[in-house]
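[1] structure for this input, please:
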Amino acid sequence: MHRFANPARFLRIAAFVQPWAMGIAVLSFAAGLWFSLLASPADYQQGETVRIMYIHVPSAWMGMFCYTAMAVFSAMGLIWKHPLADLMARATAPVGAAFTLICLVTGSLWGKPMWGTWWVWDARLTSMLILFFLYLGYMALADAFDDPERGQKAANILALVGVFNVPIIKWSVDWWNTLHQPASVVKMGGPAIDASMMVPLILMALAFKAYWVVVLILRTRAEIAAAKLRTLRMAQVHAAGQTEVELHG
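    Next comes the predicted model:
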């Protein structure tokens, strides 16, 4: 992975990947919305409310995926001192937090007509809420210290500790008796969902994943530019200090 640690090499790869990711995001999102709102049928039990699922489920997947990616980047930053890994972890955190919040909100909108309440302290819901707080904690820690390196190290440690919550989210419906429905897409016996509902789910998941790639590239580019600017400012301050010492010496 060290061959990708060079910012110049990363920017070259990003310049090639970004337009493709943008195209995939736009096309799959448009197709996903069409299938979600028009082409897929209403559920025989949930009625039109089932359409919330096409946002809720891919958002939940992305919340877990982004946190796992953030933990991997954090490990690379801690263990191998990968210069871009910390930047990519910081770039991923707000995207994952946004998807997790969307998951929680859409889950509440779905839960009210299905369960008769906006919220229950269900194992799946509670662990997803913890995931959202972990994202907020990571972002707060990263900027909580005067020394950016100390802040990033503390945030990376939190990301690695919190990654154990991801499998809890995934298998909470199997480990505990919860109101949340069990897995119906990724399961040992194969998907237990009709193809007419699977297609919009996959399209929306692809759109969200491509969107993450685009935002990751844009935010990492911004972080690289900000790091260069900080280096230049520190060099100017150092040069000014040296000049003042020479003048008064």
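[2] wait, residue 70 touches residue 89, no?
    Yes: the pair residue 70 and residue 89 qualifies as a contact (Cβ atoms under 8 Å) at a distance of 4.9 Å. In short, each C-beta sits where N, CA and C put it, glycine included.
[3] what is in contact with these two at once?
    Shared contacts of residue 70 and residue 89, defined by Cβ atoms under 8 Å, 6 or more residues apart in numbering, comprise residue 159.
[4] which residue ranges form the helices in the protein?
    For the chain, the helices defined by DSSP state H occupy 7-34, 53-79, 85-115, 123-142, 148-162, 165-175, 195-248.
[5] those helices: which one's closest to residue 41?
    Closest approach to residue 41 among those (Cβ to Cβ): helix 195-248, 6.0 Å.
[6] okay, the angle between the closest one and helix 53-79?
    Interaxial angle, helix 195-248 versus helix 53-79 (axes from the mean of the first three to the mean of the last three Cα atoms, to 10 degrees): 40 degrees.
[7] for helix 195-248, what is the distance to the chain centroid?
    15 Å (Cα atoms, centre = their mean, to the nearest Å).
[8] so what does it touch, helix or strand wise?
    Judged by 3 or more Cβ pairs under 8 Å, 6 or more residues apart in numbering; DSSP states H and E, helix 195-248 is in contact with helix 7-34, helix 53-79, helix 85-115.
[9] quick one: the second one to helix 7-34, angle?
    Between helix 53-79 and helix 7-34, the angle comes out at 170 degrees (the same axes, to 10 degrees).
[10] so how far is helix 53-79 off the chain centroid?
    With Cα atoms, centre = their mean as the basis, helix 53-79 stands 5 Å off its chain's centre.
[11] stretch 19-37 too?
    In terms of Cα atoms, centre = their mean, the centre of stretch 19-37 is set 18 Å apart from its chain centre.
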